[in-house]
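1. the sequence and its predicted three-dimensional model are supplied below.
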Number of protein chains: 2
Amino acid sequence: MKSDLDRLMLERQLDAIVVHGGEEFNPARYYLSNGAQITHGTIFKLRDGRGLLVCSRNEVEEAAKSGLEVKTDVELGYHVRYKEAEGDNIKATLLHWSDVFKHLGLHGGRIGLYGVWTINQTISLYRALADELPAFEFVVDEKPTLIEEAMLTKDADEIARIRSVAERTNAVMELAWERISSLRVDGDFLLDESGRRATIGDIKDLVRRELVARDLEDTGMIFAQGRDAGFPHSRGEAETPLRVGQAIVFDLFPRELGGGYHHDMTRTWCIGYAPPEVQADYDTVMEAFDIAIEAFGLNKPAHLMHEAVMDHIEKAGHATTRTAPATTEGYVHGLGHGVGIEIHEEPSITHLRRDDVLQIGNILTIEPGLYYPERGYGVRVEDMFVVDESGQLVSLSPFRKDLVIPLKCADGKTQ
Amino acid sequence: MKSDLDRLMLERQLDAIVVHGGEEFNPARYYLSNGAQITHGTIFKLRDGRGLLVCSRNEVEEAAKSGLEVKTDVELGYHVRYKEAEGDNIKATLLHWSDVFKHLGLHGGRIGLYGVWTINQTISLYRALADELPAFEFVVDEKPTLIEEAMLTKDADEIARIRSVAERTNAVMELAWERISSLRVDGDFLLDESGRRATIGDIKDLVRRELVARDLEDTGMIFAQGRDAGFPHSRGEAETPLRVGQAIVFDLFPRELGGGYHHDMTRTWCIGYAPPEVQADYDTVMEAFDIAIEAFGLNKPAHLMHEAVMDHIEKAGHATTRTAPATTEGYVHGLGHGVGIEIHEEPSITHLRRDDVLQIGNILTIEPGLYYPERGYGVRVEDMFVVDESGQLVSLSPFRKDLVIPLKCADGKTQ
């Protein structure tokens, strides 16, 4: 967690870290600036706790919300360096960094460099570093980086925020369920109150609206039906009408408005009834889900959970990425991942990664699935969990796991 | 525009371009994949038009919507390379790229590298390039990059989308105006129907809801009142009650849902009445706005517009970044910027950039402002424009530029 940063810097022998980037959403900057809504700005943090957020004068009030010490770039003479560099942004930036380091009393050492930026500008910066800042060694640490390692365990404040996002996400999923349940059957299709065929777009609109009403934002939900559901990340077409008896994979992973913590959960639904082969594969996935939870162990390697799940799924006769690495049918992805400011964080729960160990403060998903696009369906079930203070795996997605959404008829009879 | 890419590659002597990155929103990938909703995937484009989008099997159906030729990474043997690299992602990626180049029949040459990625991974990749792909020279082109230069002029399809975003944004601004106009005065504050004090958060909630209802998403609007408005990018606090007679800077810059084209416009409003000094500075800003439009000329340098505006504002007795580069009062920013998939694109309209020339197909903002945080106000007015086929500067933000929002009293009298 964030309070581990100084210890992690010591372990990695870093004298300072710099978090830089452009206007892109920058998880490391969000994390270290405690969620300040800035679109530019560079964070300099020394190992002894000294630090500075340098921002433009436009953003100085937003930057102050970080709780960090804030200076504007012009206060530190950026405009003078820009002139000196004759408009060369990269050179001006590095001259400016040398001024900031001097201001912080750091005259050399090992610096870790983090953030999100264009590939182009990062390379330009990296190439100029040795010339402009010869007293510093810029270190690129291995995955997981220092920041990723800190983010791997969440502190109490973060867990409280994530719980709140989870509760709101579960509530919105309930509204989607209720909405679908209230539709009227018309052959293979479903009609809304006005007699119009209900579409995937209708449900997505409802979900987006209800998320925003709860200070959450959609980040690209998946609501994919039939063959589309057979591709894990097909998002579903707005104009596609809902159909009874088709598998729908609904993967909802919103975050706090404007960037922040996520929740991530998936349900597979069949409206009205489930075809036998979907039901059979759903049962296998649910068994796999329970096996994953049983395989969880505090301080045990994460990959054991994935392997236990693959053992079961392979026994049930499906391909996995272990038996057939290039398969596009069967169980074609890992078991889960960490969640936080980024939708995919550490740990990674896959047999391909051997080093990830499950710890108190982890937030992670468990999401087995089976995919048969050519048979016209896919199935995935996903809860997000916290490894709580007592080392227990606690679901943050208590929403029901029924496959079939029963339809209430217009006349009050159940379909 | 996008159809210029082959010509621009020839001018820059690039044999191919690669657009890479992680899950971050990636404007270059969005642009070249024609808006396909993929969260991973690398685009390889040769100068003769040949190209390939390589994605994970999870996203193959979304990737197909790009209209590009699509292959999955496993089809091209990524999993074999991953094993060969013993889990070293960067090495596996570069071995995989060499396979892709071979597949495309390219065995060496100059490659431009674009996209958005973590600074850490970009540097790791860059350091490994020479070892793993010795036959290729990776070129980092100067700002504007090839992609930025293509994006600088919009084609007819892009302009049609941008016009549509603009119309919807203007409509939402109208709803915010009407909502405020319908509030009842209570001393310095404003009450809603239920007698509760209306807040900035109420207006922001309304705006977010109405944007989502129009398939747009807020990307961090500014609705800043009083002293906050004196800092150009203070966003405004949700819990702050609206007050009569205070300058409000409302800068709205949403984009198409899930990423896409933006509109960008700003109005300054005073509810009920405007204090004389706010009115005087507003008048100066509006004069500056008109002067900027007059200074526009097709194929003329953009910085001339900024200089004409600063001439006027300085004559009116205010500091500018030309007379006082480090000032935090007066006119503290540039005149405008291009807009597209990114909120800040080329051209940059500032006296600090001498090379940008205004062209047909540019989409740009004009946004003079004056800021006096210690006096408790700031003023900015911004329209977004297209330089149309005939070379005219046409506003896409026709929304009224009245400073004062008149209040309709509950009893029907005008305040």
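-> The structure has been received and is ready for your questions. Numbering: from 1, shown residues only, chains lettered A, B, ... in the order given.
2. give me the pLDDT for residue A:410.
-> Residue A:410 carries a pLDDT value of 48.
3. next one: residue A:271 from chain B, what distance?
-> Distance of residue A:271 to chain B, computed by Cβ to the nearest Cβ, to the nearest Å: 21 Å. Using the backbone N, CA and C atoms, a C-beta is placed for each residue, glycine as well.
4. where do the helices sit along the stretch 201-350 of chain A?
-> With DSSP state H, counting those that start in this stretch, the ranges of helices along the stretch 201-350 of chain A come out as A:276-295, A:303-315.
5. who's in contact with stretch A:10-17?
-> A:5, A:9, A:43-47, A:101, A:104, A:106, A:109-114, A:139, A:141, A:146-147 (Cβ atoms under 8 Å, 6 or more residues apart in numbering or on different chains).
6. give the rounded mean pLDDT of that stretch.
-> Here the average pLDDT along stretch A:10-17 is 96.
7. same deal with stretch A:270-288?
-> The pLDDT scores in stretch A:270-288 average 98.
8. next one: stretch A:373-381
-> 97.
9. is the nearest residue to residue A:69 once chain neighbours are set aside bridged to anything, and to what?
-> Distance criterion Cβ to Cβ, 6 or more residues apart in numbering or on different chains; nearest residue to residue A:69, sequence neighbours excluded, is residue A:52 at 5.3 Å. Residue A:52 forms beta bridges with residue A:44, as assigned by DSSP bridges.
10. and the pLDDT at residue A:173?
-> At residue A:173, the model reports a pLDDT of 98.
11. list the residues that contact it.
-> Counting by Cβ under 8 Å, 6+ apart, the residues that residue A:173 touches are A:250, A:252, A:265, A:267, A:399.
12. does it fall in a helix, a strand, or a coil region?
-> helix (DSSP: H, G, I helix; E, B strand; the rest coil).
13. near chain B, which residues of the stretch 151-300 of chain A are found?
-> The stretch 151-300 of chain A comes close to chain B at residues A:205, A:208-209, A:212-213, A:217-218, A:220, A:228, A:231-235, A:257-258, as judged by Cβ under 8 Å from any Cβ of the partner chain.
14. please check the residues you listed and keep the buried ones.
-> A:205, A:208-209, A:212, A:217-218, A:220, A:228, A:231-235, A:257-258 (16 or more other Cβ atoms under 10 Å in any protein chain shown).
15. touching, residue A:143 and residue B:89? I think so.
-> Yes - using Cβ atoms under 8 Å, residue A:143 is in contact with residue B:89, at 6.8 Å.
16. how's chain A carved up into domains?
-> Following automatic domain parsing, chain A resolves into domains at A:2-150, A:152-405.
17. quickly note the distance from the residue nearest to residue A:89 when sequence neighbours are not counted to residue A:88.
-> Residue nearest to residue A:89 in three dimensions, not counting chain neighbours: residue B:143, with 6.8 Å by Cβ to Cβ, 6+ apart. For residue B:143, the distance to residue A:88 equals 9 Å [Cβ to Cβ, to the nearest Å].
18. residues of stretch A:10-21 that come out buried?
-> A:12, A:14, A:15, A:16, A:17, A:18, A:19, A:20, A:21.
19. check stretch A:359-377 too.
-> Residues of stretch A:359-377 classed as buried: A:361-373, A:375-377 (neighbour count, 16+ other Cβ under 10 Å).
20. okay, now the residue lying closest to residue A:90 once chain neighbours are set aside: neighbour count?
-> Counting by Cβ to Cβ, 6+ apart, residue A:90 lies nearest to residue A:124, which is 4.7 Å off, once chain neighbours are set aside. Residue A:124 has 20 neighbours, counted by other Cβ atoms under 10 Å in any protein chain shown.
21. CA atoms only: put the helix or strand hosting residue A:124 into PDB for me.
-> Using DSSP states H and E, residue A:124 maps to helix A:119-132. C-alpha atoms of helix A:119-132 as PDB (Å, rounded to 0.1, in the frame of the first residue of the first chain):
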ATOM      1  CA  ILE A 119       5.600   6.400 -26.600                       C
ATOM      2  CA  ASN A 120       7.200   9.100 -28.800                       C
ATOM      3  CA  GLN A 121       7.800  11.600 -26.100                       C
ATOM      4  CA  THR A 122       9.000   9.000 -23.600                       C
ATOM      5  CA  ILE A 123      11.600   7.800 -26.000                       C
ATOM      6  CA  SER A 124      12.700  11.400 -26.700                       C
ATOM      7  CA  LEU A 125      13.000  12.100 -23.000                       C
ATOM      8  CA  TYR A 126      14.900   8.900 -22.300                       C
ATOM      9  CA  ARG A 127      17.400   9.700 -25.100                       C
ATOM     10  CA  ALA A 128      18.000  13.100 -23.700                       C
ATOM     11  CA  LEU A 129      18.400  12.100 -20.100                       C
ATOM     12  CA  ALA A 130      22.100  11.200 -20.100                       C
ATOM     13  CA  ASP A 131      23.000  14.500 -21.700                       C
ATOM     14  CA  GLU A 132      20.900  16.800 -19.600                       C
END
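22. tally of neighbours for residue A:307?
-> By the criterion of other Cβ under 10 Å, residue A:307 has 16 neighbours.
23. my read: it touches residue A:351, true?
-> Yes - between residue A:307 and residue A:351 there is a contact under Cβ under 8 Å: 5.4 Å.
24. quick one, strands of the stretch 151-300 of chain A?
-> Counting by DSSP state E, counting those that start in this stretch, one finds strands in the stretch 151-300 of chain A at the ranges A:184-186, A:189-191, A:216-217, A:222-225, A:247-252, A:255-256, A:265-271.
25. pick out the residue closest to the middle of chain A.
-> Closest residue to the average C-alpha location of chain A: residue A:343 at 0.3 Å, with Cα atoms, centre = their mean.
26. identify the residues contacting it.
-> Taking Cβ under 8 Å, 6+ apart as the test, what residue A:343 contacts is A:219, A:253, A:255, A:262, A:264, B:23.
27. with adjacent residues omitted, what lies nearest to residue A:253?
-> The shortest distance from residue A:253 to any non-neighbouring residue, by Cβ to Cβ, 6+ apart, is to residue A:264 (4.1 Å).
28. same thing with residue A:215?
-> The shortest distance from residue A:215 to any non-neighbouring residue, by Cβ to Cβ, 6+ apart, is to residue A:257 (5.0 Å).
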